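Enquirer: Return a 3D structure for these sequence lines:
(chains A, B, C and D)
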2 protein chains.
Amino acid sequence: MNNSVTLRDIAKALNISASTVSRALTDSYQIGPETKKKVLAYAKLHHYIPNRMARGLKEGRSRSIGVVVCAIDNSFVAQMLNGIDKFYTEQGYQIIIMQSKELYEQEKACIDLLYAGGIDGLLISPSYQTTDFSYLNELQSAGLPIVLFDRLSDGINTHKVAADHLKGAYQATQHLINNGYKAIAHINSNTQLNMATARFEGYKKALTNAGLPIKNDLIKFFDTTNLTVLNKNLELAIHELMSLKEKPDAIFTATDSLTIRCLILLKQMKYSIPKDVALIGFSNTDLAQALSPPLSTINQPAFEIGRLAAEKLLLLINSKNSEPFETLLLATELQERDSTLMR
Amino acid sequence: MNNSVTLRDIAKALNISASTVSRALTDSYQIGPETKKKVLAYAKLHHYIPNRMARGLKEGRSRSIGVVVCAIDNSFVAQMLNGIDKFYTEQGYQIIIMQSKELYEQEKACIDLLYAGGIDGLLISPSYQTTDFSYLNELQSAGLPIVLFDRLSDGINTHKVAADHLKGAYQATQHLINNGYKAIAHINSNTQLNMATARFEGYKKALTNAGLPIKNDLIKFFDTTNLTVLNKNLELAIHELMSLKEKPDAIFTATDSLTIRCLILLKQMKYSIPKDVALIGFSNTDLAQALSPPLSTINQPAFEIGRLAAEKLLLLINSKNSEPFETLLLATELQERDSTLMR
DNA sequence: AAATCTTACTAAAACGATTTATTAAAATAT
DNA sequence: ATATTTTAATAAATCGTTTTAGTAAGATTT
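Expert: Presented below is the predicted three-dimensional model:
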């Protein structure tokens, strides 16, 4: 902690009371203009910084926000965090980031720690494992403002901000159909979160609208929690898909890590993309264009999701009058590249 | 803030004093065993959580650590943050991450905010622009424990943790030489930080040791602060290099973003890698194998750098006896892939 | 000129935990 | 039986800020 000047130091030096100094610094009407000037000048000269702990204790809040994400070293997450960070830095709030690593128990542990740390609000993108939201509901009832972002659920009623997963998936599938692909496989996470089902819905809707059949043996769901297990299962699945009598001519992958892993596996298995099979997926990496082949992607407005969620939470914190909760779904963007070239 | 149980609530409920409760919870010898048992039971039952602000105020510290990095949405940085976060979560500390965006002024602003927020220590990876360390020296003199990580400088005397840039660069260059490349270009950032010069030194040392000449027209330094400007200059430079009479048969790029940008530009200009020119660089992306061609890289132990720096800082915070400052240089790892295939 | 209202300030309490100094009671030593 | 030590507790101060409740002195009203 900094051993800096305190209110009392200023008060003593100027021969006035601490309360006067406090009021002068907040430009209160109760303080005369010359006194204000004196105090401000002294405070500036001696680099007075109000003690965050003392203020927090008195005001009953910490001006810090807890943020729980699956992992910090994931480029999409990092982009969202960037948006969150930018907003709160502007607002004089601190953020405390914690990682669930896609584990429900660890997520609870993170939230406990954050709550114990005295956060003013919680921003959470739930883990893939999370199905039980009673925990969050309890905290909400206890008065903790909570906003869900990126990964939504009906398990809790509050503000929610995410990409429009259904439309994004529709966009991707539609794009494949437009480019002449007809047997489109779908690879998704088996999480209970809305995200996965919404993306699956978008896929089915695009197929149906184009008059194409929905074939169950082209649809695969995986436990994406354990990465080594996932990689094995994925390899098996791709093998299975490509050995089908009516094998897919395109794959739509529903998450960032699935997309990248599929690309790597397909290359390892010496399939040519898009000649043997086209590939498109949700992915926010700026390296998509440098991949081989350059990868068509559905991009989510990561920064914007973070920023809007942060705004919503601050609103929630500052207004005790409960406005109705909103769900914001932001548009995704299709990036056409070589991995889905026209048939 | 949570409206939870306080020490006084417990005291009142059990008809004892607040100080007794406090002591019982810290297992003080001054409290009898039954009293301790009673207090602990009550505290557990009612989910007592000590108020962080109150404790911080009393103890004169916040148990929070400031971390300043160039940008959070950079995969290498995110990996280091992961290491830092893991350690401090275990230790019951919070971290507050701020971004300099490679700008000296913004870096100062971040540090100001963190200092004002009452951090117990500062972990900093300076921006490329930073040449003046007097600011950090002042804070250090004012009693703030500081540890430098990832990007080091002689501008301040303290604990420092980073990859061994010189050896890493030597490793890369040596690898190219071993694989039959002779005209090796070097592209680097023009920052004043040790990192850049160390990598340049490693490059020169490897050439010299192999009896190869150091040619100035194969060596380029860039302002890596502004990305759009950088991209233009880089394009020009590659053009220039490849138009030389004695053009390079390999390029060693000294930073993550330079490596990726060069790869993209070379592909755009239709150069074949490694046939026309080989490419190796510092880069920590796990997508290296999925790039086209799979990219040979020098990997830094990012997680470990973060973790060790965090440990060093906590040591500094907790021990007021000043041990001598250490500089830890961690070994890098060569990942051989197709972009540097044997000639 | 007395009563009321502003203006500009201050003293003291409060926030919740820790800690120093104190004390009463019990146990041990002389 | 008295002196001394140990044990187990407590009251009160403290950290640095904000805020409630006052209070003089001067200005304004009646």
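Enquirer: going forward, measure contacts between C-alpha atoms and count neighbours the same way
Expert: Will do.
Enquirer: Distance-wise, check A:Leu218 relative to DNA strand C.
Expert: Here the distance between A:Leu218 and DNA strand C works out to 56 Å (Cα to the nearest atom of the strand, to the nearest Å).
Enquirer: same check, this time on A:Leu144
Expert: 15 Å.
Enquirer: Check A:Pro301 too.
Expert: Between A:Pro301 and DNA strand C the distance, using Cα to the nearest atom of the strand, works out to 40 Å.
Enquirer: residues touching the residue lying closest to that residue once chain neighbours are set aside, list them.
Expert: Nearest residue to A:Pro301 in three dimensions, chain neighbours excluded: A:Thr332, at 6.5 Å (Cα to Cα, 6 or more residues apart in numbering or on different chains). Counting by Cα atoms under 8 Å, 6 or more residues apart in numbering or on different chains, A:Thr332 makes contact with A:163-165, A:167-168, A:298-301.
Enquirer: now for the residues you listed, which pair is the farthest apart?
Expert: The largest distance within the contacts of A:Thr332, taken as Cα to Cα, falls between A:Lys167 and A:Pro301 and amounts to 13.4 Å.
Enquirer: How about the contacts made by whichever residue of the stretch 201-343 of chain A sits closest to DNA strand C?
Expert: Taking Cα to the nearest atom of the strand as the measure, the point where the stretch 201-343 of chain A comes nearest DNA strand C is A:Ile317, at 17.9 Å. By Cα under 8 Å, 6+ apart, the contact set of A:Ile317 is A:120-121, A:145.
Enquirer: Please give the element, helix or strand, for it.
Expert: Counting by DSSP states H and E, the element that carries A:Ile317 is helix A:302-318.
Enquirer: ok, now A:Leu241?
Expert: Secondary-structure assignment from DSSP H and E places A:Leu241 in helix A:227-242.
Enquirer: Can you tell me which helices and strands that helix packs against?
Expert: Packing contacts for helix A:227-242, counted by 3 or more Cα pairs under 8 Å, 6 or more residues apart in numbering or on different chains; DSSP states H and E, involve strand A:219-222, helix A:256-268.
Enquirer: Provide the count of other residues in contact range of A:Ala109.
Expert: A count of nearby residues for A:Ala109, using other Cα atoms under 10 Å in any protein chain shown, gives 15.
Enquirer: repeat for the one 10 residues further on
Expert: When counting by other Cα under 10 Å, one arrives at 25 neighbours for A:Ile119.
Enquirer: Quick check: it touching A:Ser62?
Expert: Yes - with contacts counted by Cα atoms under 8 Å, A:Ile119 reaches A:Ser62, the gap being 6.1 Å.
Enquirer: interface residues of the stretch 1-150 of chain A facing DNA strand C?
Expert: Counting by Cα under 7 Å from any atom of the strand, the positions of the stretch 1-150 of chain A adjacent to DNA strand C are A:15-20, A:29-36, A:54, A:57-58, A:60.
Enquirer: do stretch A:15-25 and chain B meet?
Expert: No - Stretch A:15-25 stays out of contact with chain B when judged by Cα under 8 Å from any Cα of the partner chain, the minimum separation being 15.7 Å.
Enquirer: Let me know the average pLDDT across that stretch.
Expert: Model confidence over stretch A:15-25, given as mean pLDDT, is 95.
Enquirer: cool, and stretch A:306-316?
Expert: The predicted confidence, averaged over stretch A:306-316, sits at 96.
Enquirer: Okay, now the unreliable bits of the stretch 201-343 of chain A?
Expert: Scanning the stretch 201-343 of chain A for pLDDT under 70 picks out A:320-322.
Enquirer: and it, which residues reach chain B?
Expert: Within reach of chain B by Cα under 8 Å from any Cα, the stretch 201-343 of chain A has these residues: A:260, A:263-264, A:287, A:289-293.
Enquirer: Kindly report the residues of the stretch 151-300 of chain A close to DNA strand C.
Expert: So the stretch 151-300 of chain A never meets DNA strand C (Cα under 7 Å from any atom of the strand).
Enquirer: the helices in the stretch 151-300 of chain A, which residues?
Expert: A:165-178, A:194-209, A:227-242, A:256-268 (DSSP state H, counting those that start in this stretch).
Enquirer: mind giving me TSV with these and columns for mean neighbour count?
Expert: Below are the helices of the stretch 151-300 of chain A laid out as TSV (neighbours: other Cα atoms under 10 Å in any protein chain shown):
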stretch	mean neighbour count
helix A:165-178	23
helix A:194-209	20
helix A:227-242	15
helix A:256-268	19
